[in-house]
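K.L.:
This is a predicted model, with the sequence first.
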Amino acid sequence: MNRLNRNQIAARVAQDIPEGAYVNLGIGLPTLVANHLPADREIFLHSENGILGMGPAPEEGKEDSDLINAGKQPVTLLPGGAFFHHADSFAMMRGGHLDICVLGAFQVSVTGDLANWHTGEPDAIPAVGGAMDLAIGAKQVFVMMDLMTKAGQSKLVEHCTYPLTGVGCVSRVYTDLAIFDIANGRVYASELVEGLTLESLQEMTGLALVQKPV
């Protein structure tokens, strides 16, 4: 079974972002998507700390310490891009002006509930950031994550057991093993990695999955 690595997952997400879309890339894994967007496709990347028109990561040695994304990583600014107060940035998020946000997750439920800010463990550090605003404000929510935890438990679950970020907000989940679409309380699996069957995927997740035609 050939699992996808993080850059391969990011490249697959980038394929599904259409021309002219306004997109927020969440902290962590989703930031890699910026490096895989086609150069000939005009896409407007937004960061909640106050950037619109964000480009890919800069070349080593060409970082600008004053130009960072919400995860404090150095970024570039494309021609025509702008930076502004984060209050204006959150107004964009809450006002429904983003077409897509791409977020990481601890859990996603079969009804599209999202848990990505706190595991509920006593020693865990909560880190909600702008995730709640993005989950509710964006027209579509894509999630990028490894399907299984290090302990071998599925992150795609019947019901989230961690504190929720948003309810019924996730429409598509990109993982190292398959892509899942969530609609009408059902989970549709597509693009399984080589060597993985739907039956094996159902056993791993413990969910009744539906095979989606490619």
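P.N.:
Received the coordinates, thanks.

K.L.:
rest of the way, CA atoms for contacts and neighbours
P.N.:
Will do.

K.L.:
what about the longest strand in the chain?
P.N.:
Longest strand of the chain, by residue count under DSSP state E: strand 77-83.

K.L.:
For V33, see how far away A57 is.
P.N.:
10 Å (C-alpha to C-alpha, to the nearest Å).

K.L.:
which helices and strands does the longest strand of the chain pack with?
P.N.:
With contacts defined as 3 or more C-alpha pairs under 8 Å, 6 or more residues apart in numbering; DSSP states H and E, the packing partners of strand 77-83 are strand 51-54.

K.L.:
How far does the longest strand of the chain sit from its chain's centre?
P.N.:
Computed by C-alpha atoms, centre = their mean, to the nearest Å, the chain-centroid distance of strand 77-83 equals 22 Å.

K.L.:
in it, what counts as buried?
P.N.:
77, 83 (16 or more other C-alpha atoms under 10 Å).

K.L.:
Next, the residues that contact the helix or strand bottoming out on mean pLDDT in the chain from outside, please.
P.N.:
Least confident element among the helices and strands of the chain, by mean pLDDT, DSSP states H and E: strand 210-211 (a mean of 89). Outside strand 210-211, the residues that touch it by C-alpha atoms under 8 Å, 6 or more residues apart in numbering are 186-190, 198.

K.L.:
okay, these in a markdown table with secondary structure, pLDDT and neighbour count next?
P.N.:
What follows is the contacts of strand 210-211, written out as a markdown table (DSSP: H, G, I helix; E, B strand; the rest coil; pLDDT from 0 to 100; neighbours: other C-alpha atoms under 10 Å):
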| residue | secondary structure | pLDDT | neighbour count |
| --- | --- | --- | --- |
| R186 | strand | 91 | 17 |
| V187 | strand | 96 | 25 |
| Y188 | strand | 96 | 18 |
| A189 | strand | 96 | 23 |
| S190 | strand | 90 | 19 |
| L198 | helix | 94 | 16 |
